[in-house]
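Visitor: Can you look at this prediction? I've put the sequence above it.
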Amino acid sequence: MAISDKQKKLIICLGAALLLALAWLLPGAGLLNPYLVQILMYAGINMILTLSLNLVNGYMGEFSVGHAGFMGIGAYAASILTVWVLPRSWALWTFPAVLVAGGLAAAVAGLVVAFPSFRTRGDYLAIVTLAFNMIVKSVLENLEILGGPRGFLGMPRLTNLFWVVAWVLITVLVLRRLVYSNFGRGITAIREDEVAANLTGVDTRRLKLYAFLISAFFAGVAGGLFAHLLQFINPRSFSILKSTDMLVMVYLGGVSSLTGSLLGAAIFTLLMEILRPLGLWRWVVGPLLLVLLMIFRPQGIMGFREWKWLGQGPGVRGQDAMP
Amino acid sequence: MSLLEINDLSHNFGGLRAVSDFSLEVREGELVGLIGPNGAGKTTIFNLITGVFKVGQGQIKFQGEDITRWRSHRISSAGIARTFQNIRLFKELSVLDNVRLGAYARHAYSLLDAVGRSRNFRQEEERQRQRADSLLARFNLSRYADTPARNLPYGEQRRVEMARALISGPRLLLLDEPAAGMNQSEAQELIRLILEIKEEFSLTVILIEHQMRVVQNLCQWVKVLDFGETIASGPPQEMQSHPKVLEAYLGKDGALAGEESGNVA
């Protein structure tokens, strides 16, 4: 059945609206088990994180292993705003702005990592991002005013399924539009051959800046959502372990794929939930999964491919791109 | 008026002098050859012109402007395009995207235009897409538009590289051993192609080449390098019998010079 682009657009808009309406109504009406809602929200937050990391690690081909740092900065910035700065009675209405502010704070930190990326790449940039993650965690641990290692609390539970779904949709929309544009092509050119990209007129420095800013922004927003869901954050939540989880989700779903990021995050979240009875051993699963993936299916579930409703038809990227 | 002017360019790799006191003046519309044995510093000169290496000593002027310290993407946007000795395409990207990326700097829309899918974005994207399509057609590559570049045969990859270089609308084209790995008939076809695009796009061309046949058929004059030094320059026919050139290629005593002079370079 042939569907025209206009019809396709309409169906996507309707689908998104329906999803938002369901996210708003179902939990409110008590039609969805609260436990299930909780898992769905975690899955959504993980989706945002995975999409954001995929921009840097997948599309741009750099290797950031410190993304939890951005998430942490977003989480703390948003929480500080809600608890200390803004009046309590407004909290419900200022929440979207608080999340954006958290994202912007993380984006500023993105700049800090983007500048070293002008000069180093590959393993060396990975070490820079690792160091960044550790610095963020240690700074948070040593800031007594923010509760130090005990953490920060007092946020009302403002995150609900509606906001999570809305931000997942925003992230997909923005990244999709970015990827299928001149900027997105430039970003993938950096991955393919940075020198050749420079020599064909691609301003790689500016693109790295954009990529890190946007990626960090969404990681920060996810942090804000996370903080207002848990109502309690501490520096340990944003350690290298969290970054590893994000890596697993990206490579499980597949690099350079929006569909893959959504799938990877959903499957990983579900898997961790199912494995909860394993207790501590659960934390072995993530890294082990990463090792097995790298050996047996390095491209993940959807690496370099896109579900055709999320892609942009032929001409953007060969459909037979994966071997 | 000279399009490209290089004065006393030198470059070292550690203690090794790769290029020393190299000067070159190329006028508009010329087709110049850069020849010399392996390791003579030819590609290094291309890398210095296009900003891959930082220029330590010397000056490069393009259309009267000093571009010595410019970054690569700016030099490319100013009108200097190049191809590579070993093809450097964006292998996983489609042929269309490869070519469109050559026009990266010509896409006149902002990040906000792209995220907001503004009218300006759609018009500009369509315009550049058409330019890419017509260039693909010109190079007989239309049917590969959606194929990942790495799946193309060697000769086609060379053509993609050339299309990518030309879509930026360059004034000066630097070709680094375009005939490498080609047999005689392929090389013959390449010569024709270079002459054609030179006219069509009113280009000035600097060519690095090993096959003397290609150089002779294309270049108005050549510069011969050896160990980074310019040892001779003039019309290609004269270079073949130039004593210093023979020495560079065949050794000092010239014992073999008599029998092999036809195969120089």
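Guide: Here it is on my side, so go on. Residues are numbered from 1 along each chain as shown, chains lettered A, B, ... in the order given.
Visitor: all contacts plus neighbour counts: C-alpha atoms, from now on.
Guide: OK.
Visitor: interface residues of chain B facing chain A?
Guide: Contact residues (Cα under 8 Å from any Cα of the partner chain) of chain B with chain A: B:50, B:52, B:72-77, B:81-82, B:88-94, B:96-97, B:101-105, B:107, B:111, B:114-117, B:125, B:145-148, B:164-165, B:168.
Visitor: Could you find the closest non-adjacent residue to residue 88?
Guide: Chain wasn't specified; assuming chain A. Once flanking residues are discounted, A:Arg88 sits nearest to A:Thr82: 7.4 Å by Cα to Cα, 6 or more residues apart in numbering or on different chains.
Visitor: That was the other one, I meant chain B.
Guide: B:Arg88 sits nearest to A:Ala196 (Cα to Cα, 6+ apart), 6.4 Å away.
Visitor: Am I right that that neighbour is in a helix?
Guide: Yes. According to DSSP: H, G, I helix; E, B strand; the rest coil, A:Ala196 belongs to a helix.
Visitor: pretty sure it is touching B:Leu89, no?
Guide: Yes. With contact defined as Cα atoms under 8 Å, A:Ala196 counts as touching B:Leu89 (7.5 Å).
Visitor: what number of residues lie near B:Gly64?
Guide: Counted by other Cα atoms under 10 Å in any protein chain shown, the residues lying close to B:Gly64 total 12.
Visitor: Could you say which helix or strand holds the closest residue in space to it that isn't next to it in sequence?
Guide: Spatially, and ignoring its direct neighbours in sequence, B:Gly64 is nearest to B:Leu3 (7.3 Å; Cα to Cα, 6+ apart). For B:Leu3, the enclosing helix or strand under DSSP states H and E is strand B:2-13.
Visitor: Return the list of strands paired to that strand, each annotated with direction.
Guide: Strand pairing for strand B:2-13, determined by DSSP bridges: strand B:16-27 (antiparallel), strand B:57-62 (antiparallel).
Visitor: Run through the residues that contact A:Lys8.
Guide: By Cα atoms under 8 Å, 6 or more residues apart in numbering or on different chains, the contact list for A:Lys8 is empty.
Visitor: Assumed it was part of a helix.
Guide: Yes. Counting by three-state DSSP, A:Lys8 is part of a helix.
Visitor: Show me where chain B dips below the pLDDT cut-off.
Guide: Across chain B, the ranges flagged by pLDDT under 70 are B:252-265.
Visitor: show me where it has strands.
Guide: Ranges of strands in chain B, per DSSP state E, are B:2-13, B:16-27, B:31-35, B:57-62, B:65-66, B:80-82, B:172-176, B:204-208, B:221-226, B:229-234.
Visitor: Against chain B, how distant is A:Ala114?
Guide: Look at A:Ala114 and chain B: by Cα to the nearest Cα, to the nearest Å, they are 17 Å apart.
Visitor: count of neighbours near that residue?
Guide: When neighbours are counted by other Cα under 10 Å, A:Ala114 registers 22.
Visitor: Distance check, it against A:Asn198.
Guide: 17 Å (Cα to Cα, to the nearest Å).
Visitor: quick one, what contacts the nearest residue to B:Leu4 once chain neighbours are set aside?
Guide: Among residues not flanking B:Leu4 along the chain, B:Phe62 sits closest, at 4.6 Å (Cα to Cα, 6+ apart). Counting by Cα under 8 Å, 6+ apart, B:Phe62 touches B:Leu3, B:Leu4, B:Glu5.
Visitor: From chain A, how far out is B:Phe62?
Guide: Distance of B:Phe62 to chain A, computed by Cα to the nearest Cα: 16 Å.
Visitor: Bridging across strands, which residues link to that residue?
Guide: Assigned bridge partners for B:Phe62, using DSSP bridges, are B:Leu4, B:Glu65.
Visitor: How many neighbouring residues does the nearest residue to B:Ser142 once chain neighbours are set aside have?
Guide: Distances taken as Cα to Cα, 6+ apart place B:Leu136 nearest to B:Ser142, at 5.1 Å, with adjacent residues excluded. Burial of B:Leu136 is recorded as 23 neighbouring residues (other Cα under 10 Å).
Visitor: so what's B:Leu136 up against?
Guide: Contacts of B:Leu136 (Cα under 8 Å, 6+ apart): B:Leu96, B:Val99, B:Ser142, B:Ala145, B:Val160, B:Ala163.
Visitor: and whichever residue of the stretch 1-150 of chain B sits closest to chain A, how many neighbours does it have?
Guide: Nearest residue of the stretch 1-150 of chain B to chain A, counting by Cα to the nearest Cα: B:His73, 3.9 Å away. If you count neighbours by other Cα under 10 Å, B:His73 ends up with 25.
Visitor: hang on, it packs against A:Leu199?
Guide: Yes. Contact criterion Cα under 8 Å: B:His73 and A:Leu199 qualify, at 5.6 Å.
Visitor: mind listing what the closest residue to B:Val26 other than its chain neighbours touches?
Guide: Leaving aside its chain neighbours, B:Val26 sits nearest to B:Leu4 (5.2 Å; criterion: Cα to Cα, 6+ apart). Listed by Cα under 8 Å, 6+ apart, the contact partners of B:Leu4 are B:Leu24, B:Glu25, B:Val26, B:Arg27, B:Ile60, B:Lys61, B:Phe62, B:Gln63, B:Gly64.
Visitor: The fourth one is in contact with B:Leu3, isn't it?
Guide: The reference is to B:Arg27. Yes. Taking Cα under 8 Å as the definition, B:Arg27 is a contact partner of B:Leu3 at 5.1 Å.
Visitor: Not including adjacent chain positions, what is the nearest residue to the residue in chain A positioned nearest to chain B?
Guide: Distances between chain A and chain B by Cα to the nearest Cα are smallest at A:Gly201, namely 3.9 Å. Leaving aside its sequence neighbours, A:Gly201 sits nearest to B:His73 (Cα to Cα, 6+ apart; 3.9 Å).
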